[in-house]
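Undergrad: Prediction below, plus the sequence it came from.
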Amino acid sequence: MRIFDAWKTENLPAAEGSTAFEVFASELALRPFDLGLENIESGIVGGGQDGAIDSVYVFFDDALLDEDSDVVSPESRPTDFGQDRNLELWVIQAKRTPSFSEDAVEKLELTMSRLLDLSQPLSSLSILYNSSLLSRFELFRSAWEKLITRRPRISVNVVYAAPGDTRNITPQLEAKLHTLKQSIQNAIPDTERVVTQLLGDKEMMARYNERPPYTLAMSYQESATSGQSHVALVKLRDYYNLIVDENGRLRRHLFEWNVRDYQGNVSVNQEIRSTLTAQDGPEFWWLNNGVTLLCSEATSTSKTYSLSNIQIVNGLQTSHEIYEALRNPGAAEAEERMLLVRIIVTGDAVTRDQVIRATNRQTAITDASLRATDAVQRNIEDYFLTHGWYYDRRKGYYKNDGKDPSKIISIQFLGASITAMGLARPDKARGKPSSLLKNDDDYKLVFNSDIDLQIYLWAAKLQRRVDGFILSEAAEATVPQKSNLKFHLSMLIAEKLNSGPIRRPQQLRRLALKDADVSDAEIGEIFSNLKQWAASYLKREGVILERATKAQRFSEYLLACVKAEREDPTP
């Protein structure tokens, strides 16, 4: 596929061809979720003992789950989460063979039936499957078990991607796909939806060329205008049509700049739902604050706005409840109710941040949710731009602007990089990626005005290079090593360049100012040592790599190994 070759050159030039294709196919399969490259890479499990599965992703309420997510935390309770929420499992097989294989589907069916059998602990399958695959299914099973009393709407999606022609599949392959679907339904009897899908050459090309629309039309009933901005009364049906795509799925990309996640069945959402469904009562817009959307241009013709570059920055809870109410049959009366919509036209980044902060200060919200509007975040973005890099503090902004994806850095990626290299805590970067932004203390350690801006760019470039190396043939890394050791490798590289461990991000200043570099051969040598030290640790402690890499004890062990080798370099 020529389109894959071009994508690989642009995104993962150093990666093995098979690994790059797994990432490529997964990105296309999950295109509606608009995930960043690092999120896609986190789900890759192919490469030996994978049961014909190359990547696995779990979503709850449209959010990608990781080991640090609240829904799988031992501290959380089922009642912390709303009822009837969406729990989605996505399993992707990606093969570069020019046709679809019946054997591959058979293997998938066997693997899925084993991994979804709750009566069989996943640990009993460790002889058959790699730890990365088991850990991804553990996320799904943990969320499933936690939420079972909350009646989650479970869907399972299995995608088989190959550069073949989906129009020429055999009846035997169709039968095996049906058997696969039936096996999943038997394992999860109360699943709401099971989809088995083939992505061939034509389908992958179509998805590659898809771009989420940010310029849309919205009908309204009444409006008032001040300058270029507007306030409008909009029927819920017309607002629903704005936020839902042609397949009936919520346009998640319109909410990328919203500071909140959907909060589920909390009291305020119960009240919104009650107001929406009440047959008698005041107008909906009398009792609801409405929504605020930002756009670069808004023109009106025949009571329809044409809105360019939309972002809905306030009203996520209201939007979700409208979506849930109107997607179900029998919502005709609710469709006629009115919603207050504020349309603010601005292209100024500072003004956008002011609007976001102001409209989200009306109700209680933690400062952690407003990270992207912090001055330090804007300063990092500006500094990156002067050096031809793009700091994506507003998720998807530079990707949608067509910038080089290999130079787009997310807040979470940068936070993890600084945590690994500047705090010598790769275990925290690996095991608690979400808490780096949620927890105020963790956040202030890595994002504050006392840290030189050069440090952020230097660390991001080094971590991006490490990520590329660990996926390459030169690394000779196993699946668990690819998934678990990249932050530990970057810590050891920084330690080598500094000739000692680094405990504060500002200690990286000397390296950043001189743009300290390391050769490919040196990275390979450090990684070789890392693999040897890790193997010794796992044997001694009797643990698997994934568990070890999430513990600070392992990070300190690696630094002790480096120190011992430096003091006595003889073999």
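TA: That came through fine.

Undergrad: Now do the contacts for E546.
TA: Taking CB atoms under 8 Å, 6 or more residues apart in numbering, we find E546 in contact with S131, S132, S135, P480, S483, N484. All C-beta atoms are positioned from the backbone trio N, CA, C, and that covers glycine.

Undergrad: ok, now D520?
TA: D520 makes contact with F469, A474 under the criterion CB under 8 Å, 6+ apart.

Undergrad: what about it, distance to A14?
TA: 9 Å (CB to CB, to the nearest Å).

Undergrad: same thing with L445?
TA: When distances are taken as CB to CB, L445 and A14 turn out to be 31 Å apart.

Undergrad: Neighbour count: those two, which is higher?
TA: With neighbours defined as other CB atoms under 10 Å, L445 and A14 compare such that L445 has more, 20 against 17.

Undergrad: So for that one, what's the nearest residue that isn't a sequence neighbour?
TA: The spatially closest residue to L445, leaving aside those adjacent along the chain, is L423, at 6.4 Å (CB to CB, 6 or more residues apart in numbering).

Undergrad: is it true that the one you found touches L508?
TA: No - between L423 and L508 there is no contact, the gap being 10.2 Å when judged by CB atoms under 8 Å.

Undergrad: Between the two, point out the one with more neighbours.
TA: Counted by other CB under 10 Å, L423 and L508 do not tie: L508 has more neighbours, with 25 against 21.

Undergrad: if I look at the more buried one, how far off is L462?
TA: 10 Å.

Undergrad: shared neighbours of these two, anything?
TA: Common neighbours of L508 and L462, using CB under 8 Å, 6+ apart, are M421, A494.

Undergrad: Output the contacts of E546 as CSV; include the columns neighbour count, distance to H253 and secondary structure.
TA: CSV is the format used below for the contacts of E546 (neighbours: other CB atoms under 10 Å; distance: CB to CB, whole Å; DSSP: H, G, I helix; E, B strand; the rest coil):
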residue, neighbour count, distance to H253, secondary structure
S131, 21, 33, helix
S132, 26, 28, helix
S135, 19, 28, helix
P480, 23, 33, helix
S483, 25, 27, helix
N484, 27, 30, helix
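
Undergrad: got TSV for the residues you listed, with pLDDT and distance to K399 too?
TA: Shown next, in TSV, are the contacts of E546 (pLDDT from 0 to 100; distance: CB to CB, whole Å):
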residue	pLDDT	distance to K399
S131	90	31
S132	91	26
S135	93	28
P480	89	29
S483	87	24
N484	93	27
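
Undergrad: Relative to I455, which of these is nearest.
TA: Within the contacts of E546, proximity to I455 (CB to CB) peaks at N484, which comes in at 25.0 Å.

Undergrad: follow-up on the earlier one: quick check: neighbours shared by L423 and L508?
TA: Applying CB under 8 Å, 6+ apart, one finds that L423 and L508 are jointly contacted by I502.

Undergrad: Show me what the helix or strand hosting V313 is packed up against.
TA: Element membership of V313, judged by DSSP states H and E, is strand 311-314. In terms of contacts (3 or more CB pairs under 8 Å, 6 or more residues apart in numbering; DSSP states H and E), strand 311-314 is packed against strand 291-295, helix 349-359.

Undergrad: need these in CSV with mean neighbour count, can you?
TA: Below are those laid out as CSV (neighbours: other CB atoms under 10 Å):
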stretch, mean neighbour count
strand 291-295, 24
helix 349-359, 16
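
Undergrad: Worst mean pLDDT among these?
TA: Set side by side, these show their lowest mean pLDDT on helix 349-359, which sits at a mean of 73.

Undergrad: What angle do strand 291-295 and it make with each other?
TA: Helix 349-359 and strand 291-295 are oriented at 180 degrees to each other (axes from the mean of the first three to the mean of the last three CA atoms, to 10 degrees).

Undergrad: Perfect, that will be all.
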